[in-house]
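Visitor: need the 3D shape of this:
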Amino acid sequence: MLKRSITIVGPTASGKTHRAVCIAKEIGGQIISADSRQVYRGMDLGTGKDLDEYEDVPFHLIDVADAGDKYNLHRYLQDFHEVYDRLVVAGVTPVICGGSGMYVENALNGVRLPEVPVNEQLRLELKGKSLEELSSILAGMKTLHNTTDIDTCKRAVRAIEIQTYYKMHPEAAVNSDKTYCKPLDSLVVGVDIPRDVRRYRITSRLDTRLKGGLVEEVRSLINSGISPDDLIYYGLEYKYVTLHVIGRLTYEEMFKSLETAIHQFAKRQMTWFRGMEKRGTKITWLPHELSDKDFTQRVLDLL
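Guide: Residues are numbered from 1 along each chain as shown. Coordinates of the predicted model:
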């Protein structure tokens with residue numbers, strides 16, 4: 001092995017998990033998930049865990065938080081580096097797999113975020129400001145590579161809070177700036193799937209999951225005490241299926257809206273991966289139609 005780890009990326013429905021499992025089997029590796037929603041217990045169908053697919057391959061960072069919790073990038077990076085370092089020390093090759101670009105990119109860059117406390121005084125000062133005003137303030141504090149930090153006022157306020165903390169504690173900012181971080185030694189491979197094939201798979205998979213009990217899963221989560229608002233917060237399947245369960249969308253409205261949202265999500269994923277390449281991450285894209293054997297061999301040849 002000329003690389004300490006392998007990373008498999010791709011949009012939703014590209015089959016990246018299956019590819020990662022095949023590679024892990026071949027080299028005796030273990031999977032580290034980089035999916036922002038598969039961390040939640042009980043949220044199985046909606047996040048597409050497909051745990052049976054792993055067979056006897058050990059996996060990490062799946063089912064590590066309770067549904068209703070607000071797992072975030074800070075917690076992910078803490079958990080990721082703990083697992084990654086442990087595997088490397090043990091001589092096991094980590095196979096990082098995921099479609100959450102923000103998680104993947106920060107992990108690969110070696111970023112280790114400090115715990116940033118709540119700044120009540122700052123929050124009071126920002127209260128009532130529009131998203132446009134908050135975005136302008138944040139833009140004056142950092143370069144906005146994406147819109148994740150400014151898609152809601154709540155997220156924008158938190159982003160300003162973090163940047164304010166870094167200004168007051170420059171020693172903490174060093175660990176959050178990839179300029180000063182040590183990137184992981186990882187081969188990054190992307191699953192290249194044509195747009196029309198991806199769209200077909202998304203629609204087919206959504207239909208299968210709904211017929212397989214996704215509505216019942218959401219209803220069970222709500223009955224367990226998790227508020228509809230908390231489920232809506234997770235977006236995509238949990239947002240639209242919850243809206244259907246509480247009577248705000250018909251089944252047909254839910255399916256159509258969710259189908260569109262997932263297609264848009266897949267497009268945003270690819271935009272992020274292309275952005276990663278522009279920001280210096282080398283991604284080798286392999287055709288999705290390769291057989292498992294050929295795909296795995298191509299990856300091994302790249303090491």
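Visitor: after the longest strand that the chain contains, which helix or strand is next? Please name it.
Guide: For the chain, the strand that runs over the most residues, judged by DSSP state E, is strand 186-192. On the C-terminal side of strand 186-192, the nearest following helix or strand under DSSP states H and E is helix 195-211.
Visitor: quick one: contacts of that following helix?
Guide: Applying CB atoms under 8 Å, 6 or more residues apart in numbering, the contact partners of helix 195-211 are 11-14, 45-46, 48, 193, 237, 255, 258-259, 262-263, 266, 288. Where C-beta positions appear, they are placed from N, C-alpha and C, glycine not excepted.
Visitor: could you dump that helix to PDB, C-alpha only?
Guide: Taking C-alpha atoms only, helix 195-211 is exported to PDB below (Å, rounded to 0.1, in the frame of the first residue of the first chain):
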ATOM      1  CA  ARG A 195     -26.900  12.000 -15.100                       C
ATOM      2  CA  ASP A 196     -29.700  10.100 -16.700                       C
ATOM      3  CA  VAL A 197     -28.700   6.800 -15.000                       C
ATOM      4  CA  ARG A 198     -28.300   8.600 -11.700                       C
ATOM      5  CA  ARG A 199     -31.800  10.100 -12.100                       C
ATOM      6  CA  TYR A 200     -33.300   6.700 -12.900                       C
ATOM      7  CA  ARG A 201     -31.700   5.100  -9.900                       C
ATOM      8  CA  ILE A 202     -32.800   7.900  -7.600                       C
ATOM      9  CA  THR A 203     -36.500   7.500  -8.600                       C
ATOM     10  CA  SER A 204     -36.400   3.700  -8.500                       C
ATOM     11  CA  ARG A 205     -34.700   3.600  -5.100                       C
ATOM     12  CA  LEU A 206     -37.200   6.100  -3.700                       C
ATOM     13  CA  ASP A 207     -40.100   4.000  -4.800                       C
ATOM     14  CA  THR A 208     -38.500   0.900  -3.300                       C
ATOM     15  CA  ARG A 209     -37.800   2.600   0.100                       C
ATOM     16  CA  LEU A 210     -41.300   4.000   0.300                       C
ATOM     17  CA  LYS A 211     -42.800   0.600  -0.400                       C
END
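Visitor: show me where the stretch 1-150 of the chain has its strands.
Guide: 5-9, 30-33, 40-41, 59-60, 65-66, 94-98 (DSSP state E, counting those that start in this stretch).
Visitor: select, out of the ones you listed, the one closest to residue 302.
Guide: strand 5-9 (8.9 Å; CB to CB).
Visitor: in that closest one, which residues are buried?
Guide: 5, 6, 7, 8, 9 (16 or more other CB atoms under 10 Å).
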